[in-house]
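>>> Structure for this input, please:
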Amino acid sequence: MEKSVVERIFDNVHKSYDSFLNFATFGLINKWQNQLISATDLKGYVLDIGTGTGEIVRKLREKDKECFIYAVDLSFNMLKTAKNKVSDEKILYIRANALKLPFKNSSLDNDFLFSCI
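Numbers count the residues shown, from 1 in each chain. Predicted coordinates:
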């Protein structure tokens with residue numbers, strides 16, 4: 001399977017992505033992520049689409065040790081970076097396109113969509 005342009009871009013920037021995002025958001029990214037997570041009632045099975053380098057997964061795991069997290073991203077290198085940050089038996093890292101998710105309808109309790117954060 002040939003890589004898409006988006007996949008190639010994110011595969012190439014995975015090492016500097018966190019620094020770039022912090023710079024591009026004037027340091028507000030952590031505040032936004034923390035506000036989002038604190039406003040979320042975690043339970044059961046959680047889906048993080050666009051996992052990237054795993055910052056949301058790391059923060060979710062800090063908030064709740066029991067929920068099962070499906071971390072989905074198109075970029076293999078982003079997922080590898082995320083897994084290096086948080087490796088846990090209750091986190092499944094999945095390389096998939098957000099438009100073609102490998103889940104049955106109503107099989108998840110919470111959905112997160114982070115295409116830009």
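>>> Look up which helix or strand the spatially closest residue to residue 56 that is not a sequence neighbour falls in, please.
Once flanking residues are discounted, residue 56 sits nearest to residue 48: 5.4 Å by C-beta to C-beta, 6 or more residues apart in numbering. Where you see a C-beta, it was placed from the backbone N, CA and C, and this is true even at glycine. Remark: residue 48 resides in strand 45-49, with elements defined by DSSP states H and E.
>>> If we go by neighbour counts, what in that strand is buried?
By neighbour count on 16 or more other C-beta atoms under 10 Å, the buried set for strand 45-49 is 45-49.
>>> tilt between whichever helix or strand comes after that strand and strand 45-49?
Beyond strand 45-49 on the C-terminal side, the first helix or strand identified by DSSP H and E is helix 55-63. Put simply, helix 55-63 runs at 160 degrees to strand 45-49, going by axes from the mean of the first three to the mean of the last three C-alpha atoms, to 10 degrees.
>>> Which other helices and strands does helix 55-63 contact?
Where contact means 3 or more C-beta pairs under 8 Å, 6 or more residues apart in numbering; DSSP states H and E, helix 55-63 is packed against helix 29-38, strand 45-49, strand 68-73, helix 76-85.
>>> Nearest approach to residue 100 belongs to which of these?
Among the helices and strands packed on helix 55-63, strand 68-73 comes nearest to residue 100, with 10.4 Å by C-beta to C-beta.
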